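> Below are the sequence and a predicted model for it; my questions follow.
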Amino acid sequence: MTFDQLDIVEPILKAIEEKGYTHPTPIQGKSIPILLRKRDLLGCAQTGTGKTAAFAIPILQHLHNDQRPEKGRRKIKALVVTPTRELAIQIRDSFNEYGKHTGIVNTVVFGGVKQGAQTQALNRGVDVLIATPGRLLDLIGQGYISLRDIQYFVLDEADQMLDMGFIHDIRRIIDMLPKRRQSLFFSATMPPKIVSLAGKILGNPDKVTIKPEQATAERVEQSLYYVSKKAKPKLLIFLLKIQEIESTLVFSRTKHGADKITRVLKKAGINAEAIHGNKSQNARQLALGKFKSGEIKVLVATDIAARGIDVSQLELVVNFDLPNIPETYVHRIGRTGRASASGNSISFCDVEEKPYLKDIQKLIRQEIPVITDHPYLPGGVEDVATEADVKPKRQGQRRFSRSKPNNSGKKDFRRGNSSSRRKPQKKAE
């Protein structure tokens, strides 16, 4: 299937072609025809599979086809609500790219910055508004935004929206929307509470699910290191220093943990930055910009902040802390396996995280290869080694060699023998 087989209007099709896209991703190929029929939709697919285009293209097409001369400023007809500033900006950019030949105007509003530029854009009039919940409700309360003309509503990353405690804000926003509208829920995971909420708000939506676990697990070279909690920073420094890695995304479970990891890495001479919800918008954008440009090679992030990180050819993902939600693991390692690309991931597991590991391996239906040949095995002498011990020895004296290309041309991030390796499984035909 190609985009020109999806009944997309010429101005949008032209923009898609200018970006070099010819074939829709699975979530796009299944969702766009449904949305062009103005059906409600509950969509599930991991980030990096093209969810934004799946809802942006149909909305832009509807607005383009319905364009009429308006008296006064433009009224907001489409609303996209998303949990983080980074995602909001990313979605805004996508609407700009796909809609650049349509005349459709959009803007983005989010907290953490002064509202002046945002209210000026709203006063000029927009067709599409992308917003985070807090700033949206704030500007509604101030009278800058009205939702009475909304025809298309999107709740993006619905699972994270609920995990971040936005459920009451979302219900307030829903109550302000017109009853007659097209509603879309998109999420990287689909836990029962999301399905329940969707059932109450969407009524009887069409459903599209692109199961990520098998595809991601097959694309990404995974490895597991058993290590005590206190030795995790030493193992991370050790691995980063023996590998020639250009871009590493390290996941921490908490904001405090992300800052602590960053301080340890900097002390060891590794240039790193942290990105999480307590950072200002300017600080987050600056750190992300440095990471994308290669100025820094290590970015430490929490799951929520990482939802807006889109870095092409990300070389390595490190799960410093295993997530307690198995679907989150799939989402994390998918960061280094965007679309059809391959990638590498390393996971640390201490004794308290073994139940999380069990749930993850059950979800992905495979055991993650375990690396038993490393200097920080739990209970060993090296487990309490000093920071100086993680510095690589001179060439020829180092026990662990730098990564060598494997047969596929990718770097091999696994060291020594693994206690459990599975042969690659063939995809179902």
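Structure received.
> Tell me where this protein has strands.
All strands of the chain, identified by DSSP state E, fall at 41-44, 78-81, 106-109, 128-131, 152-156, 182-187, 206-209, 220-226, 248-251, 272-275, 298-301, 316-319, 343-349.
> for those strands, which one sits closest to residue 257?
strand 298-301 (8.5 Å; CB to CB). Bear in mind the C-beta positions are built from the backbone N, C-alpha and C, glycine included.
> Format the strands of the chain as TSV; extra columns: distance to residue 174.
Below are those laid out as TSV (distance: least, CB to CB, whole Å):
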stretch	distance to residue 174
strand 41-44	15
strand 78-81	10
strand 106-109	18
strand 128-131	14
strand 152-156	8
strand 182-187	9
strand 206-209	19
strand 220-226	36
strand 248-251	31
strand 272-275	30
strand 298-301	30
strand 316-319	34
strand 343-349	37
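> Mean pLDDT and mean neighbour count added to those strands, as a markdown table?
A markdown table is the format used below for those (pLDDT from 0 to 100; neighbours: other CB atoms under 10 Å):
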| stretch | mean pLDDT | mean neighbour count |
| --- | --- | --- |
| strand 41-44 | 89 | 24 |
| strand 78-81 | 97 | 25 |
| strand 106-109 | 97 | 24 |
| strand 128-131 | 98 | 26 |
| strand 152-156 | 94 | 25 |
| strand 182-187 | 90 | 24 |
| strand 206-209 | 88 | 17 |
| strand 220-226 | 92 | 22 |
| strand 248-251 | 94 | 26 |
| strand 272-275 | 90 | 24 |
| strand 298-301 | 92 | 26 |
| strand 316-319 | 94 | 26 |
| strand 343-349 | 92 | 24 |
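> Nearest to residue 376, out of those strands?
strand 220-226 (7.7 Å).
> the inter-axis angle of the closest one versus strand 343-349?
With axes from the mean of the first three to the mean of the last three CA atoms, to 10 degrees applied, the angle from strand 220-226 to strand 343-349 works out at 20 degrees.
> CA atoms of strand 220-226 as CSV?
Extracted C-alpha coordinates of strand 220-226, given in CSV (Å, rounded to 0.1, in the frame of the first residue of the first chain):
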residue,chain,number,x,y,z
VAL,A,220,16.7,-4.7,19.1
GLU,A,221,19.7,-6.6,20.3
GLN,A,222,19.0,-7.0,24.0
SER,A,223,21.3,-7.9,26.9
LEU,A,224,20.9,-8.2,30.6
TYR,A,225,23.3,-7.5,33.4
TYR,A,226,22.7,-8.7,37.0
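> Pop the domain breakdown of this structure in here.
Domain ranges of the chain: 3-209, 213-390, per automatic domain parsing.
> rewinding a little: closest one to residue 232 among the strands of the chain?
Using CB to CB, the strands of the chain put strand 343-349 closest to residue 232, at 5.1 Å.
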